[in-house]
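Enquirer: Here's a sequence, model it:
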Amino acid sequence: MDRALSGQPGPDDLEPLTTDEVDRPRPTVPEQAREPSVGPQRRPPYGRNPLLAAHGVRARAEIVEAARELFARYGYQATTVESIGEATNRSGAAVYQYFSGKFEIFEIFLREVGDELGRVTEQFPLLTDDDTGRRALRDWIVQFMEMIEHHAGTFLGWSQIQFSDPELAVLGQENFQRYQTTILDRLVRARVHPPALSVVPVGIISVIQWSALLNDRSGRPVGRQALAAALATMLHAFLFAPAAEAVGPEPDKPLADYHLPTIPLGDELGLRRPVTPRGVGTVQRILLAAAERFRVNGYRGTSLNDVAARAGVSHGSVYTYWADREALFGTLARDATAAVTAQRCRPPVGEPPGEVIDRWVDGWMTVIDRHGSVLYVWQHEVGGPGLEQLSAQRDQALDAVVADLMGLCPEPPADPVALGVALRAVITDVPFVLSAQLAILPRSDAADFVAQLLRAGLGASRGDAPPSMKPIP
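Expert: Alright, predicted model coming up:
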């Protein structure tokens, strides 16, 4: 059994640090050097007998469950060993009796997800191009969403560990590879024919995952069955889209730099004071650094000190323009909302819907290049009364884009609210995570996947019959 699960100490265990903010070394111990597992134990130098009694087993389990809740609520980077201890009325040092750091606890969760993901993946049905196939896909999506909702903190933290804990990132990649191999085999056997079949497994998991997580964060979430039905209709239409619809991917465009708009002198944009000609460059550097830090560490894991260090400016320079982290994020949020509003999907009269989608996605990917990290963090982490008005403006802007897209449907969708949740995930989190945060797909492949999914799911295929917009029987 893996030491992260068994609690068995190894020769690399160290004395607890005085602060849980510093990661301790984690050298790999060869399998032959490890002693046989004898169950969960305390780590040295705690106690003469490392074997856990009943109260020790209970304490370890309480720590694991507290960490699960904190990772889901605050993210991986913002959760500390000390905060995990406090959540169980213990000290950080007490947590170190059982775990060498928060990474070891998160490894437990990654292994849990890997086991459950494998189980659910094995249930993926052999799809057919009819209502029976759509029903089978819907029922499988319900199972997948249940798993995602239970392990929400692990799925959200997966993207953050790419930057801080590469060993954990490798474990997450192994989980995904097993999933991808199984799904691809089932799709080949079902004789589906979407363009770029190899992209489909990662596309499926991304669309379901981010739709479920966005729905969970919504103030008025739709029912799981309704959302699964909307996703099944869209994904089934995509998987069985006529082969003639395939469009070769365009050459990859260079990733756009995060260019913020030129700040008008005197325009506060949520700043504490107007920007002078001399301060424009400083403000731009701070905003660029803030966007990058929020992407890597999440909102709660980023401090103004982090931003100042990344921007190469003094702490006081940041406070000159922003009172706190919320105000700084608010400036980025205003910029992102303006960009979304400017990229509405308003087709000229008579233009074929498929061409409208292709052209719109091309422009929309520029928004994702420049503002995807802010939208991603904003939708999954950021809340509170200070940003309520801005969040309402963001939702209004994104809802307008979604309504534009649904206006391309040749028939009214069976459940526009559920379809709206799915579309919002497809145009925001899916392309950002696939092409930037996890960098699983090249930008052009991510854009092509989104365009193909929208065309098939909205019935906006080039001259092809649309998928049924009726409820799944």
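
Enquirer: Any buried residues in stretch 219-239, and which?
Expert: Using 16 or more other C-beta atoms under 10 Å as the test for burial, stretch 219-239 gives 222, 224, 226-239. Any C-beta I mention is one placed from the backbone N, CA and C, and that applies to glycine too.

Enquirer: packing partners for the lengthiest helix in the chain?
Expert: Using DSSP state H to define each element, the chain has its longest helix at helix 353-380. The criterion is 3 or more C-beta pairs under 8 Å, 6 or more residues apart in numbering; DSSP states H and E, and the helices and strands that helix 353-380 contacts are helix 200-217, helix 280-297, helix 325-342, helix 388-406, helix 429-432, helix 443-457.

Enquirer: Which among the ones you listed is found nearest to I105?
Expert: I105 lies closest to helix 280-297 among the helices and strands packed on helix 353-380, at 18.4 Å (C-beta to C-beta).

Enquirer: Alpha carbons of the closest one, as CSV, please.
Expert: Provided in CSV are the C-alpha atoms of helix 280-297 (Å, rounded to 0.1, in the frame of the first residue of the first chain):
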residue,chain,number,x,y,z
VAL,A,280,0.6,53.9,-16.1
GLY,A,281,3.6,51.5,-16.6
THR,A,282,3.5,50.5,-12.9
VAL,A,283,-0.2,49.9,-12.9
GLN,A,284,0.1,47.7,-16.0
ARG,A,285,2.9,45.6,-14.5
ILE,A,286,0.9,45.1,-11.3
LEU,A,287,-2.2,44.0,-13.2
LEU,A,288,-0.2,41.6,-15.4
ALA,A,289,1.4,40.1,-12.3
ALA,A,290,-1.9,39.8,-10.5
ALA,A,291,-3.5,37.9,-13.3
GLU,A,292,-0.6,35.5,-13.4
ARG,A,293,-0.6,34.9,-9.6
PHE,A,294,-4.3,34.4,-9.5
ARG,A,295,-4.0,31.8,-12.2
VAL,A,296,-1.2,29.9,-10.4
ASN,A,297,-2.2,30.2,-6.8
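
Enquirer: after the lowest-mean-pLDDT helix or strand in the chain, next one along is what?
Expert: The helix or strand of the chain with the poorest confidence is helix 3-6; it has a mean of 36 (mean pLDDT, DSSP states H and E). Elements were assigned by DSSP states H and E; along the chain past helix 3-6, the next helix or strand is helix 54-74.

Enquirer: Outside of whichever helix or strand comes after that next one itself, list whatever touches it.
Expert: On the C-terminal side of helix 54-74, the closest following helix or strand by DSSP H and E is helix 81-87. Helix 81-87 is contacted from outside by 19-20, 63, 66-67, 69-70, 74, 91-96, 99, 101-102, 105, using C-beta atoms under 8 Å, 6 or more residues apart in numbering.

Enquirer: Enumerate the positions of helix 81-87 that are buried.
Expert: In helix 81-87, counting by 16+ other C-beta under 10 Å, buried: 81-85, 87.

Enquirer: circling back to that earlier point, looking at the helices and strands packed on helix 353-380, spot the one closest to R359.
Expert: If you check each of these against R359 by C-beta to C-beta, helix 443-457 wins as the nearest, at 9.4 Å.

Enquirer: tell me the angle that closest one makes with helix 353-380.
Expert: Counting by axes from the mean of the first three to the mean of the last three C-alpha atoms, to 10 degrees, helix 443-457 lies at 110 degrees to helix 353-380.

Enquirer: can you pull the buried residues of helix 443-457?
Expert: So helix 443-457, judged by 16+ other C-beta under 10 Å, has buried residues 443, 445-457.

Enquirer: How about stretch 189-203?
Expert: Those would be 190, 192-196, 199-203, for stretch 189-203 by 16+ other C-beta under 10 Å.

Enquirer: picking that back up, just send the buried residues of helix 81-87 back as JSON lines, with distance to L110 and pLDDT too.
Expert: Formatted as JSON lines, the buried residues of helix 81-87 follow (distance: C-beta to C-beta, whole Å; pLDDT from 0 to 100):
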{"residue": "V81", "distance to L110": "18", "pLDDT": "95"}
{"residue": "E82", "distance to L110": "22", "pLDDT": "95"}
{"residue": "S83", "distance to L110": "20", "pLDDT": "95"}
{"residue": "I84", "distance to L110": "17", "pLDDT": "96"}
{"residue": "G85", "distance to L110": "21", "pLDDT": "95"}
{"residue": "A87", "distance to L110": "20", "pLDDT": "95"}
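
Enquirer: what stretches of the stretch 1-150 of the chain score poorly on pLDDT?
Expert: Along the stretch 1-150 of the chain, the model assigns pLDDT under 70 to residues 1-53.

Enquirer: Serialize the helices and strands packed on helix 353-380 to JSON lines and add fields for distance to H380 and mean pLDDT.
Expert: Output for the helices and strands packed on helix 353-380, formatted as JSON lines (distance: least, C-beta to C-beta, whole Å; pLDDT from 0 to 100):
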{"stretch": "helix 200-217", "distance to H380": "6", "mean pLDDT": "94"}
{"stretch": "helix 280-297", "distance to H380": "11", "mean pLDDT": "92"}
{"stretch": "helix 325-342", "distance to H380": "13", "mean pLDDT": "93"}
{"stretch": "helix 388-406", "distance to H380": "12", "mean pLDDT": "94"}
{"stretch": "helix 429-432", "distance to H380": "8", "mean pLDDT": "95"}
{"stretch": "helix 443-457", "distance to H380": "19", "mean pLDDT": "92"}
